[in-house]
Each structure stands twice: as structure tokens, then as C-alpha cells.
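**Q** Here's a sequence, model it:
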Amino acid sequence: MGKLPLPGRCKTRLRPRLGLRGAARLQHSLLRDRIRAALRTGFPVELHFDGPRGHPLLLTARRKGLCLRRQAHADLGTRMLRALHGRPAVIIGTDCPALDIFRLKQALAAVHAGKNLCIPAGDGGYVLIGLSRHHPRSFRCIDWGSDSVLRQSRRQHRQGHLLVEEWSPLRDLDTPRDFWRERRSGRLPAFGYAPL
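**A** Model (predicted):
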């Protein structure tokens, strides 16, 4: 799931450091990197996007075999629930360069083996969630975008008697500090509008 790289509509917390166009270039790099990693897993991949259908990145993604779905105008929980379609699946966003192909393959294999899992983020949310069956409660009564997402999700899982394994946390990229940390680590993908 991700926003298309449109200036002023993505990575808004990085605008003071990167500017509108720089933030959009970063989003393009992150989205391209996540698409490449997902395709390398060998599992079917869907891109649930927010933005205009005619964006060049979408045209390329379609040629690469991705199923494209426009995100509904709803809260994040509703959009994720719709993305799952009631079948075993893993949902990732675009802003965790540390989420590598190895972890993605492990998560997909675990979900298809009947497990539920998430990878927490350093900011109180999560960078990946995988569910082996339809469980709408996982996405209700959550203050999306807050530092309470993981805590509230745990509560929902307990109340719904859903066992969700938590794997080692990873950091996502939201703030200028995150940007410099990822840049120093060498995990930041090539920065710009390179093709898929």
C-alpha cells in the first residue's frame, strides 16, 4: 500500500528538509524498491495506491504484472481490510527500507502456513502485518498515524482471541532524522525517478 510520488501529497513530514519535489523523489524510490522486493518473493503482488490512475509508475507496474487497486477513501484500517480480501496476505507500506526480501519471504511463508504476524515499527505502529484469515477486528478502533497503533492492535487481537506473533521491530522512514539514519546505513534506495 502506498501513495504515488506526487509533490505535496507524500512524505509531507520530510518537506522542510527535502522540499516538495525531493519528498516526491524519495517516495518514488521507496515505492519502486518495495515493488521490486515484493515481486522477488514469487508470490502474487497487488499495489493498492492512492493517486491518479494514469501515473507513469502505475503503467510500468502493470506491465511488470502487478495487480493495481485504487485505495478507497476511508481510514487506513478499512483500506487494509479491503486489501486483504478475506484471504491469507501480507500488507506492507513503502517506508521501511530495512524490510528486506528475506523477511518478506519469511512472512509470506508463515501466513500461508496459517500464522498471523506483525513487525513493529519504532514509532509505535508496524511496518508489516500478515493474517492467515479474515479478521476485521484487527483494523477497528485504532488511532491510525498515532504512536498507539501497535498497543491498540494488540488489544484488538487479545479481545478477538487472535494469536499474532511479533517479530523483531524495524524502523520506518517518516522524519528528517529517519531519513539521515537510513542514508547513513546505506539502506536508502537509489534516490530519484529511475524505472522499476
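
**Q** what's the neighbour count on residue 153?
**A** By the criterion of other CB atoms under 10 Å, residue 153 has 24 neighbours. (C-beta placed from N, C-alpha, C; glycine too.)

**Q** Kindly list the longest helix within this protein.
**A** helix 15-40 (DSSP state H).

**Q** contacting residues for residue 150?
**A** 118, 120-121, 124-126 (CB atoms under 8 Å, 6 or more residues apart in numbering).

**Q** redo that, cut-off 10 Å
**A** Shown in contact with residue 150 (CB atoms under 10 Å, 6 or more residues apart in numbering): 118, 120-121, 123-126, 142, 166, 169.

**Q** cool, residue 146 as well?
**A** Taking CB under 10 Å, 6+ apart, we find residue 146 in contact with 123-125, 152.

**Q** which residue is nearest the middle of this protein?
**A** Of all residues in the chain, the one closest to the mean position by CA atoms, centre = their mean is residue 93, 0.9 Å from it.

**Q** Can you verify my assumption that it contacts residue 10?
**A** No. Taking contacts as CB atoms under 10 Å, residue 93 lies outside contact range of residue 10: 11.5 Å.

**Q** shared neighbours, the two?
**A** Joint contacts of residue 93 and residue 10 (CB under 10 Å, 6+ apart) are 2-3, 30-31.

**Q** Out of the residues you listed, the closest to residue 189 would be?
**A** Among the shared contacts of residue 93 and residue 10, residue 30 lies closest to residue 189 (CB to CB), at 6.5 Å.

**Q** Check the gap between that closest one and residue 92 for me.
**A** From residue 30 over to residue 92 the distance is 11 Å, taken as CB to CB, to the nearest Å.

**Q** shaky segments in the protein?
**A** 190-196 (pLDDT under 70).

**Q** Could you pull out the helices in it for me?
**A** Going by DSSP H, the chain shows helices at 15-40, 56-63, 76-84, 101-112, 149-159, 176-185.

**Q** if we can go back for a sec, with the contacts of residue 150 in mind, which one is nearest to residue 81?
**A** The closest of the contacts of residue 150 to residue 81 turns out to be residue 142 (CB to CB; 11.1 Å).

**Q** Apart from its neighbours in sequence, what residue is nearest the closest one?
**A** In space, and not counting its chain neighbours, residue 142 is closest to residue 152: 4.8 Å by CB to CB, 6 or more residues apart in numbering.
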